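>>> Take this sequence and fold it.
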Amino acid sequence: MGDPFVTEIDAPGGPVRVRACDLGPRPQVVLFPSAGEYPIYDDFAHDQMAEDETRTARFTAAVRRYAAGRTVLDIGTGQEALWAVEAARAGARHVWAVEVIPRSAQLAREAVRRAGRADRITVLDGLSTGIALPEPVDVCVAEIIGTLGGSEGAGVALRDARRRLLRPGGVVVPHRSASTAVAIELGTPPAFVSLALPYVRQIFTAVGRPFDLRICVAGLQHDARVRRRAYLSDVADVEVLEFNGDLRPEGTDHAELRVTRPGRLSGLALGVRLEVAAGDEPIDSLTEPSNWMPVYAPLSDVGVPVRPGDRIEFGFTTRLSDDGIHPDYALDGSLHRDGGSPVPLRWRSAHHDQGFRDTPFYRALFPAA
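So this is what the prediction gives:
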């Protein structure tokens, strides 16, 4: 990573100072905002998703497996209507493709026309929770998995789709997701990579004010050596979403992490383990390159010394925000070390109802004048 510097971005209410950096010749870890929860998708974001070969291959295989001769609902179809077009090519009788961002919906219609599938695909504007269909569908495809499994509203959207829009016994793609947690030593001062700053500005604009937005860490997925230096513990599952089973978008999961190497605990890396179709090998954003970057949950600005055998016990709570779609997350727990008192650990990450510069991490990332 290059040397951090402080710059300004435009935001509602006036300019905001932000710590940023340029990519160095051998970048290791860089910070991005978690952007998929907000209506700010652009061509770069869609290209990143389309170029994710593992994700694309798994969803393509699942759509081809289930779509032939069936009716399909594609939630969050995006500007290329990828899975709607793939379902039509696979022989779906009809596809309803839903998109909430107006520009993306219009581009999706153009993509459908270019593909010659306008007779089989109907693009609908809006949230899937606000639409009605002329008949229940046989298959629901939804590539709306966030950097945390439910952060883009997949739990709510697919629970609603199963209740109202999918016939009994119908199939949901993806099959299952779990958010995952590992203790991490970040080892670098907080700074956004420069190319992320327009997305920070757009998120602030979408919400209407600056706030302590959710942060992702890039660079861990691509280099096993970097992960070995950064990851301090085993991995635990939280926020398990069974899209074809008992789907519960809200609740508290209790987990324990065991420290496996000495270091300084700065926080948790939170990823997603996604099973696209039943029986598939899961995609794991903590250990393999994908368009899902791990979320960083800062727990200590100075780093707490840990050693093998120490335990991190915590509750991970998911509650819907006041928009009824996107979750707010909270972590409450403690670090247990032999011969010492428990060290309390706490993290909050709301979709939009969050303070600004509320912790040392965010005060360093957004320094006051």
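>>> pLDDT weak spots in the protein?
Residues of the chain that meet the criterion pLDDT under 70 lie in 1-2, 24-28, 43-50, 222.
>>> What segments of it are helices?
Along the chain, the stretches classed as helices by DSSP state H are 43-50, 53-66, 82-89, 102-114, 154-164, 197-207, 224-230, 360-365.
>>> what's the most buried one of those helices?
Mean neighbour count, computed with mean count of other Cβ atoms under 10 Å, is highest for helix 82-89 among the helices of the chain, reaching a mean of 26. Every residue, glycine included, has its C-beta placed from N, CA and C.
>>> outside of it, which residues touch it?
50, 56, 59-60, 63-64, 67, 72, 74, 77, 95, 97, 108, 111-112, 115, 117, 120-121, 123, 139, 141, 143 (Cβ atoms under 8 Å, 6 or more residues apart in numbering).
>>> the inter-axis angle of that helix versus helix 102-114?
20 degrees (axes from the mean of the first three to the mean of the last three Cα atoms, to 10 degrees).
>>> Helix 82-89 vs helix 53-66, what angle?
40 degrees.
>>> Now do helix 82-89: distance to the chain's middle.
23 Å (Cα atoms, centre = their mean, to the nearest Å).
>>> now do stretch 338-351
On Cα atoms, centre = their mean, the centre of stretch 338-351 falls 23 Å from that of its chain.
>>> Other residues contacting it?
In contact with stretch 338-351 (Cβ under 8 Å, 6+ apart) are residues 37, 151, 211-212, 214, 267-268, 295, 297-299, 304, 309-310, 312, 314, 321, 323, 326-337, 354.
>>> Tell me which of the helices of the chain lies nearest to Gly187.
Gly187 lies closest to helix 224-230 among those, at 7.1 Å (Cβ to Cβ).
>>> Can you give the contact residues for the closest one?
By Cβ under 8 Å, 6+ apart, helix 224-230 touches 28-29, 184-187, 219-221, 269, 286-287.
>>> buried subset of the residues you listed?
Neighbour-count burial (16 or more other Cβ atoms under 10 Å) is assigned, among those, to 28-29, 184-186, 219-221, 269, 286-287.
>>> ok so, going back, which of the contacts of helix 224-230 lies closest to Leu247?
Of all the contacts of helix 224-230, Leu286 has the smallest distance to Leu247: 23.0 Å, by Cβ to Cβ.
>>> The closest one and Gly271 touch, don't they?
Yes - taking Cβ atoms under 8 Å as the definition, Leu286 is a contact partner of Gly271 at 3.7 Å.
>>> so what's in contact with those two at the same time?
Joint contacts of Leu286 and Gly271 (Cβ under 8 Å, 6+ apart) are 180, 182, 294.
>>> now, among those, which is nearest to Thr359?
Of those, the one sitting nearest to Thr359 (Cβ to Cβ) turns out to be Pro294, at 18.8 Å.
>>> who touches the closest one in this structure?
147, 216-217, 220-221, 269-271, 285-286.
>>> cool, and Ala20?
Per Cβ under 8 Å, 6+ apart, neighbours of Ala20: 4-7, 191-194, 196-197.
>>> Can you say which of those residues are buried?
Neighbour-count burial within those applies to 4, 191-193, 196-197; the criterion is 16+ other Cβ under 10 Å.
>>> sorry, back to before: between the buried ones among the contacts of helix 224-230, which sits nearest Pro367?
Looking across the buried ones among the contacts of helix 224-230 and measuring by Cβ to Cβ, the closest to Pro367 is Leu186, at 17.8 Å.
>>> Tell me how far the residue lying closest to Ile325 once chain neighbours are set aside lies from Ser179.
Closest residue to Ile325 apart from its sequence neighbours, by Cβ to Cβ, 6 or more residues apart in numbering: Gly153 at 4.1 Å. Noted for Gly153: a distance of 14 Å to Ser179, by Cβ to Cβ, to the nearest Å.
>>> just checking, His175 touches Ala278?
Yes - between His175 and Ala278 there is a contact under Cβ under 8 Å: 4.8 Å.
>>> When those two are compared, which one has more neighbours?
Set His175 next to Ala278 and count neighbours by other Cβ atoms under 10 Å: His175 wins out with 20 against 13.
>>> quick one: contacts for that one?
Each residue near His175 by Cβ under 8 Å, 6+ apart is listed here: 243-244, 275-278, 280.
>>> In strands, which of those residues fall?
When these are checked against strands (DSSP state E), the matches are Glu275.
>>> Could you turn the buried ones of the contacts of His175 into a ChimeraX selection?
Buried residues within these, by 16+ other Cβ under 10 Å, are selected in ChimeraX with:
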select :243,244,275,276,277
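>>> export the contacts of His175 to TSV and tack on distance to Pro168?
As requested, the contacts of His175 are arranged in TSV below (distance: Cβ to Cβ, whole Å):
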residue	distance to Pro168
Phe243	15
Asn244	12
Glu275	22
Val276	22
Ala277	20
Ala278	17
Asp280	24
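>>> Looking at the contacts of His175, spot the one nearest Asp234.
Proximity of those to Asp234 was ranked by Cβ to Cβ; the top entry is Glu275 with 20.0 Å.
>>> Am I right that the closest one is in contact with Pro282?
Yes - counting by Cβ under 8 Å, Glu275 touches Pro282, with 4.8 Å between them.
>>> residues near Asp10, how many?
11.
>>> Run through the residues that contact the nearest residue to it once chain neighbours are set aside.
The shortest distance from Asp10 to any non-neighbouring residue, by Cβ to Cβ, 6+ apart, is to Arg201 (6.0 Å). Under the criterion of Cβ under 8 Å, 6+ apart, the neighbours of Arg201 are 9-11.
>>> now do Ala277
The contact partners of Ala277, taken as Cβ under 8 Å, 6+ apart, are 58, 61-62, 65-66, 173-175.
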